[in-house]
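Trainee: this one's structure only:
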């Protein structure tokens, strides 16, 4: 009669995880190799022109930690509202015949929440482009 040792049991139970570990090791190795190759092969010659501010053409005159206008946050919420609506409405419309009444009313509740968010945006003036 053949007897299975503890080491063989460990290997049998963890055989599926070996492939995951191999994938992680290969991925980490490739990331390290690409980082090192870019550091070794890329030219590095900083001068005053490269180190100057280029985003807006002049040096920064204020602290970078200044507060944003509330309008920025309102516009970002507005984007999220419309982005979520499109991302969920298309698959819902395609599979509407398969999901039944529960799926229909769940989407109506979701659209109600989005409508409340849209009304909030409208009342706070996010749609007024002054």
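Mentor: Thanks, I have the structure now. This one's a predicted model, so the numbers in the text were calculated from it and none came from an experiment. Numbering: from 1, shown residues only.

Trainee: Find me the pLDDT at residue 127, would you?
Mentor: You'll see residue 127 listed with a pLDDT of 74.

Trainee: same deal with residue 1?
Mentor: Here, the pLDDT recorded for residue 1 equals 60.

Trainee: for this structure, what helix or strand is lowest in average pLDDT?
Mentor: Least confident helix or strand, the chain: helix 48-51 with a mean of 69, by mean pLDDT, DSSP states H and E.

Trainee: ok, which stretches of the chain are helices?
Mentor: Secondary structure of the chain by DSSP state H: the helices cover 6-13, 15-41, 48-51, 70-94, 96-123.

Trainee: Would you single out the least confident of those helices?
Mentor: Note on the helices of the chain: helix 48-51 shows the lowest mean pLDDT, a mean of 69.

Trainee: on that earlier part again, present the helices of the chain as TSV; the columns should include mean neighbour count.
Mentor: For every residue, glycine as well, the C-beta is placed using N, CA and C. Below are the helices of the chain laid out as TSV (neighbours: other CB atoms under 10 Å):
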stretch	mean neighbour count
helix 6-13	10
helix 15-41	10
helix 48-51	8
helix 70-94	13
helix 96-123	12
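
Trainee: can you list the domains in this protein?
Mentor: Annotated domains of the chain cover 1-43, 62-130 [automatic domain parsing].
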